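K.L.:
Okay, here's the prediction I keep looking at, along with the sequence it came from:
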Amino acid sequence: MPRRFFSFTLILALLASGPTAFAAGSSEALGQIAGTARDSIGQPMPNALVRVRNIEIGPTAGSTVTGAAGQFAFKGLNRGLYVVEVVGATGRVVATSALISLTSGQMAARSVGVTAPAVSTAQAGPFTAAFFTSTVGIVTAAAVASGVIFAVYQATKDDTASTSR
Amino acid sequence: MAVSSKNVEPVYDSNTGRLQLLKYASKGDGKVDTWSYMDGVHIRRIEIDHDEDGKIDRWEYYDNRGKLEKIGFARSNDGHVDAWAYPADDGSIARIDTARSGGNVTRVEWYEKRALVRAEEDSDGDGKTDRWETYAGPRLSMLALDTKHQGKPDRRILYQPDGSVQTEADLAGTGDFAPLVEARPAGRR
């Protein structure tokens, strides 16, 4: 009777401790991935759905919602290769992380950055309609108008004049 | 010796006498904001400080024929060029190359009609592309990854329009991808 009571008590204690306890009893600790989600201009993405996907086997290993500063964290992950996905309001993935490898010697990735790319040139940079307008003409005209180097204008036209003083 | 006027100042190579640099105050205030680097008759590069804050914010690069080849800009506005935009025939952006701070180009993005269509990236800085992104409109449709450092993808994730996701692998390295068998993950939130 005491042995049966002891076994029952042990089982109850293990169950009450949750999955982590089982993991600690295994030969390898579980891993974690944490980081920040940002939009295409580098601003944090609060309250965004974030998933972590094990790409060695396929399915997601967890999901969470980012905090006020775009931060997220996943714990209890097995060894493997992962990608973090940020899901936008439309339900589509808007950002993915670089490949994250959790290995026996490195089971924590704590500064994972997930940044949404610029999906249009309007987001990508200072691209006004005149972005590709060359400045050469303006500079050349100024040099000619100032009378400093007349030869520069001639040379850029026919590519034969000397530019020496 | 440089001969200067109020807003344009040429600088010559002291040995060869060839024109090396044109300094230009485009606003007519005598404060140089445009530097044209010359190779004799050819303009090689123009650097512009539009807002006159002491930091260059535009770099224009010219080929041997004087044609504008690409334009550099500083994404972090710190005066150090880290991205280059290439024009399409219609004057829109065709491609943007991005480099990590002071390093080589690590990401290339291709645009068509102002929309991102695909991108390639060397995310671990080993000189080989290890990440390929494909877009359908504003939506990421596929992410392919090189997990074995072989310079070609062996995993890919397909993101469908309805939000579903399919993960595939090229386990044999033949270029043929097959869906991964879904298994119950042991991880948790």
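P.N.:
Structure received.
K.L.:
only C-alpha atoms for contact and neighbour calcs from this point on.
P.N.:
Will do.
K.L.:
neighbours around B:Arg156, how many?
P.N.:
24 (other Cα atoms under 10 Å in any protein chain shown).
K.L.:
pretty sure it is in a strand, no?
P.N.:
Yes: membership of B:Arg156 in a strand is supported by DSSP: H, G, I helix; E, B strand; the rest coil.
K.L.:
so it touches B:Thr167, yeah?
P.N.:
Yes: using Cα atoms under 8 Å, B:Arg156 is in contact with B:Thr167, at 5.9 Å.
K.L.:
A:Thr128 - how many residues pack around it?
P.N.:
Neighbours around A:Thr128, by other Cα under 10 Å: 11.
K.L.:
I'd like the distance between it and B:Ile93.
P.N.:
Here the criterion is Cα to Cα, to the nearest Å. By it, A:Thr128 lies 10 Å from B:Ile93.
K.L.:
just A:Leu99 next, same as before
P.N.:
28 Å.
K.L.:
between those two, who's got more neighbours?
P.N.:
A direct count of neighbours by other Cα under 10 Å for A:Leu99 and B:Ile93 places B:Ile93 higher, at 26 against 19.
K.L.:
Give me the pLDDT for the residue nearest to the spatial centre of chain A.
P.N.:
The centroid of chain A falls nearest to A:Val114 when counting by Cα atoms, centre = their mean (2.0 Å). On the pLDDT scale, A:Val114 is placed at 95.
K.L.:
Now for residue 129: which residues touch it?
P.N.:
Defaulting to chain A. Going by Cα atoms under 8 Å, 6 or more residues apart in numbering or on different chains, A:Ala129 touches B:Ser92.
K.L.:
if you could check chain B rather than the one you did, that'd help
P.N.:
Contacts of B:Thr129 by Cα under 8 Å, 6+ apart are B:120-123, B:146, B:151-152.
K.L.:
give me that answer again for 6 Å
P.N.:
By Cα atoms under 6 Å, 6 or more residues apart in numbering or on different chains, the residues touching B:Thr129 are B:121-122, B:151.
K.L.:
In JSON lines, list those residues along with pLDDT and distance to B:Tyr61.
P.N.:
Below are the contacts of B:Thr129 laid out as JSON lines (pLDDT from 0 to 100; distance: Cα to Cα, whole Å):
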{"residue": "B:Glu121", "pLDDT": "96", "distance to B:Tyr61": "23"}
{"residue": "B:Asp122", "pLDDT": "94", "distance to B:Tyr61": "24"}
{"residue": "B:Gly151", "pLDDT": "91", "distance to B:Tyr61": "30"}
